[in-house]
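Novice: What follows is a predicted protein model with its sequence.
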Amino acid sequence: MRDIAHRSDPNRKAPMSQSRDHWSSNAGLVLAATGSAIGLGNLWKFPFITWENEGGAFVLVYLICIAAVGLPIMMAELLIGRRSQKSAVGALKDAVASKWPAGRKLGGLVGGWGVLAGFILLSYYTVIAGWSLYYFAQSVGWTFGGFPADLSPGELFDAQVGNAGLQLALSLSFSIGTIAVVYFGVSKGIERIARIFLPILFGILLLMLFSALSMSGAGEALAFIFRPNFAELGRDAVLEALGHSFFTLSLGMGAMITYGSYISRKHSVVKASGAIVALDTIIALVATVIMFSVIFSVAGMRDEVGGSTVGMLFISLPELFYTEVPFGVVLGPLFYVLVALAALTSTISLLEVVSAYLIDERGLTRHKATIGAGAAIFVFTIFAALSFTGTPILSTMEVFDGKAGWFSTADHFVSNWMLPTGGFFITLAAGWFMTREATKSELVDGTEPGWFKYGAWRFFIRWVAPIAVAAIIYFVILGVDFS
């Protein structure tokens, strides 16, 4: 579908010879982009860091950071993409060239940095996503056959991640599913899946919330999450809230720029950004209520939850569904469907970042770009999967202190270096390199809601967001780990 409602603008590039697919509606964009933002971080990372940082005050600071940093950058990425109608590389070239024509090469390098970040991130994220398939199959068996009394969830987890053949099979299955969706394009592939899967995800989450609120510890959980105690709020908690407000929204790697390039002129960037950020935040909070209701209801769980972000999701919860959680025999399999859907909607967006680059910058057809990118990424997925199995070098390499193995090394590099540096440049591109007229024409176009004030957005994207992301980079240099 070709969008013919271009504004008269000397800086706008001529349409490409090949028509560009678009989201069929604003709802389609919101669901797809929300699916990209909603990932395993919502289901395990946010509950974990909320627990580590004593709840209420941390949550309040996080919500402030989401509004002051996450939302302005989300708008910036979507508007950069829509204005150029190109993938991250071409879009950032055009954004920088608005005021600095000689800077096109720099913009292209930053866009390429984002594409590389998506490539690496997808290569190891697929491994974790594959675990959800394993636990779904296990939980179905437990629902019909009962949870084995002598089963140790920790030993089960160690056994499955240490099984090289199983890891590769699970990762390959998830990779094939991701490629299959992106292969069919934006409206017929990504949007269609988002329209089906996101409502299912929301429905499962609501069922789990209903069950969690019926548990004895639900009241204590709600108080812990939503009652601020600023005496327990330290500098590290503020930094953690700031970092997660950036990382949770799939910012800094070109995913939202790429999705923004498929936005029609008749759809609102501001409304879409607000809806995406709101849904992502609500889902993180709902997941936290669910997790904490279990923690406060089950004896001994408070001591277990602090072990690791993965521990609650794949070690502690499986048994609890069949021993403590109301309706757990039904919710157990549904929960791992939820995890799989959250992971899939994220892996789709990551593969689209790489595929869109190959289509727009290298002239490949979508089918060739998707299959080629998916195959290349899977080579590195093999490295990530085998890093859990004792494979020499892949399991022991240590580039960063305390990060042993290919998986941990890649995760640390992307989370701590690639995404913040990419996000920092994007704030500069939207706030300083693009003209005021260019950004205003994308945000104030008659589709924006009444609450939006362009002057406020411009202040936050020029000053607050760059300083905040620069602070993340500064603390990474000092040794803080956001992975």
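Specialist: It's in.
Novice: my read: residue 262 touches residue 22, true?
Specialist: Yes: under the criterion of C-beta atoms under 8 Å, residue 262 makes contact with residue 22 at 5.1 Å. For every residue, glycine as well, the C-beta is placed using N, CA and C.
Novice: Compare neighbour counts for the two and give me the winner.
Specialist: Taking neighbours as other C-beta atoms under 10 Å, residue 262 and residue 22 compare with residue 262 leading, 28 against 23.
Novice: Tell me how far the more buried one lies from residue 61.
Specialist: Using C-beta to C-beta, to the nearest Å, one gets 34 Å for the distance from residue 262 to residue 61.
Novice: go on, residue 219?
Specialist: In terms of C-beta to C-beta, residue 219 sits 23 Å off from residue 61.
Novice: Those two: who's more crowded?
Specialist: Per other C-beta under 10 Å, whichever of residue 219 and residue 61 has more neighbours is residue 61, with 21 against 12.
Novice: Now name the helix or strand holding the closest residue to that one other than its chain neighbours.
Specialist: Excluding its sequence neighbours, the residue lying closest to residue 61 (C-beta to C-beta, 6 or more residues apart in numbering) is residue 241, at 4.4 Å. For residue 241, the element it lies in under DSSP states H and E is helix 235-247.
Novice: Now do the same for the residue nearest to residue 91 when sequence neighbours are not counted: its pLDDT.
Specialist: Counting by C-beta to C-beta, 6+ apart, residue 91 lies nearest to residue 84, which is 4.0 Å off, once chain neighbours are set aside. At residue 84, the model reports a pLDDT of 96.
Novice: need the contact list for residue 84.
Specialist: 13, 90-91, 94-95, 261 (C-beta atoms under 8 Å, 6 or more residues apart in numbering).
Novice: That one and residue 28: what is the separation?
Specialist: For residue 84, the distance to residue 28 - C-beta to C-beta - is 20 Å.
Novice: which is the next helix or strand following the lengthiest helix in the chain?
Specialist: Longest helix in the chain by number of residues (criterion: DSSP state H): helix 104-145. As assigned by DSSP H and E, the chain's next helix or strand after helix 104-145 is helix 153-161.
Novice: and that following helix, which residues are buried?
Specialist: 153, 156-157, 160-161 (16 or more other C-beta atoms under 10 Å).
Novice: Please state the offset of it from the chain centre?
Specialist: 26 Å (C-alpha atoms, centre = their mean, to the nearest Å).
Novice: Contacts for it, please.
Specialist: 131, 134, 138, 166-167, 314-316, 318-319, 388-389.
Novice: Quick check: residue 182 touching residue 354?
Specialist: No: using C-beta under 8 Å as the test, residue 182 is too far from residue 354 to be in contact (9.3 Å).
Novice: Where does residue 215 sit: helix, strand or coil?
Specialist: What DSSP: H, G, I helix; E, B strand; the rest coil gives for residue 215 is coil.
Novice: From residue 326, how far out is it?
Specialist: For residue 215 relative to residue 326 (C-beta to C-beta), the value is 7 Å.
Novice: Check residue 43 too.
Specialist: The value you get for residue 43 to residue 326, if C-beta to C-beta is used, is 19 Å.
Novice: more crowded one of the two?
Specialist: residue 43 (27 against 14).
Novice: Which pLDDT value goes with that one?
Specialist: The model's pLDDT for residue 43 equals 88.
Novice: which SSE is the residue nearest to it when sequence neighbours are not counted in?
Specialist: Distance criterion C-beta to C-beta, 6+ apart; nearest residue to residue 43, sequence neighbours excluded, is residue 287 at 5.0 Å. Element membership for residue 287, per DSSP H and E: helix 269-297.
Novice: packing partners for that helix?
Specialist: helix 26-37, helix 46-52, helix 56-65, helix 71-84, helix 191-213, helix 218-226, helix 301-304, helix 436-443 (3 or more C-beta pairs under 8 Å, 6 or more residues apart in numbering; DSSP states H and E).
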